[in-house]
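Student: Got a sequence here, can you model it:
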Amino acid sequence: MERLGGLMADFTRGRLEILAKKYPATVMHGIAVHRQVDRFTDLHDYVARSKGRFSPLRRRYAGIIVDVLHDHFLSRHWERYSDISRETFIAEAYQLLHDNRRYLPERMHRVAPVMIEQDWLGSYQHIEEIGIVYERMSRRFSRPNPLAGAIEEVQIHYAELESDFKNFFPDVLAHANRINGISDFRTKTG
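Tutor: Residues are numbered from 1 along each chain as shown. Have a look, this model is predicted:
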């Protein structure tokens, strides 16, 4: 259930004390750890370096761009970081979402079936799909934004962004393990 909280975290808003009235303790632990990992990520030097690679036009949205790109790089380099197969992890995540629909926040409740049907997690391995993710995300904002087309800048700086990720990700794994957050991820230890 901690993993469910981690999957749900980006779809939750508000203070943990308030959310705790709505979700079981194990789900809350996953949400809390996800938020701590997000804070760690936002303050990391390599993430700041990645954000700085984007033009002033996209700099305000660079955090979103980099976050999605990290999912891509993790998917591409999965075997470096996990003892279980990427396919098994994704299947387990989808099953967890399906089996626990009653806990999903409203927006995630609507999105989860589409996510599963279209295999969003599996598609992150392909850079072309990341461009589609940016397009889809750009439509969620009420005002015009530069997320659509961000893939062009990603492709220009791809090698540097990938290097930033490879330097950053071991640090975030160590941080998550310290706060007991992704024990379910079954990370490689050496």
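
Student: contacts, neighbours, all on C-alpha from now
Tutor: Noted.

Student: ok, so what distance separates residue 113 from residue 145?
Tutor: Distance, residue 113 to residue 145, using CA to CA, to the nearest Å: 27 Å.

Student: swap in residue 175?
Tutor: Distance from residue 175 to residue 145, by CA to CA: 32 Å.

Student: Next: residue 157.
Tutor: 20 Å.

Student: go on, residue 25?
Tutor: Residue 25 is 37 Å from residue 145, by CA to CA.

Student: ok, now residue 68?
Tutor: 16 Å.

Student: Residue 85 too?
Tutor: 36 Å.

Student: would residue 143 count as being in a helix?
Tutor: No. Assigned with DSSP: H, G, I helix; E, B strand; the rest coil, residue 143 falls outside any helix and is coil.

Student: What distance do you get for it to residue 150?
Tutor: For residue 143 relative to residue 150 (CA to CA), the value is 16 Å.

Student: what do you get for residue 11?
Tutor: Taken as CA to CA, the span from residue 11 to residue 150 is 23 Å.

Student: which SS class is the spatially most distant residue from the centre of the chain?
Tutor: In the chain, the residue that sits farthest from the middle, by CA atoms, centre = their mean, is residue 21; the gap is 24.9 Å. Assigned with three-state DSSP, residue 21 falls in the coil class.

Student: if I pick residue 85, what's in contact with it?
Tutor: 78, 79 (CA atoms under 8 Å, 6 or more residues apart in numbering).

Student: scratch that, residue 165 is what I was asking about
Tutor: Counting by CA under 8 Å, 6+ apart, residue 165 has contacts 46, 47, 70, 73.

Student: okay, those residues in TSV with secondary structure and distance to residue 168 next?
Tutor: Shown next, in TSV, are the contacts of residue 165 (DSSP: H, G, I helix; E, B strand; the rest coil; distance: CA to CA, whole Å):
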residue	secondary structure	distance to residue 168
46	helix	6
47	helix	7
70	helix	10
73	helix	11
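
Student: Next up, the contacts around residue 154.
Tutor: Contacts of residue 154 by CA under 8 Å, 6+ apart are residue 161.
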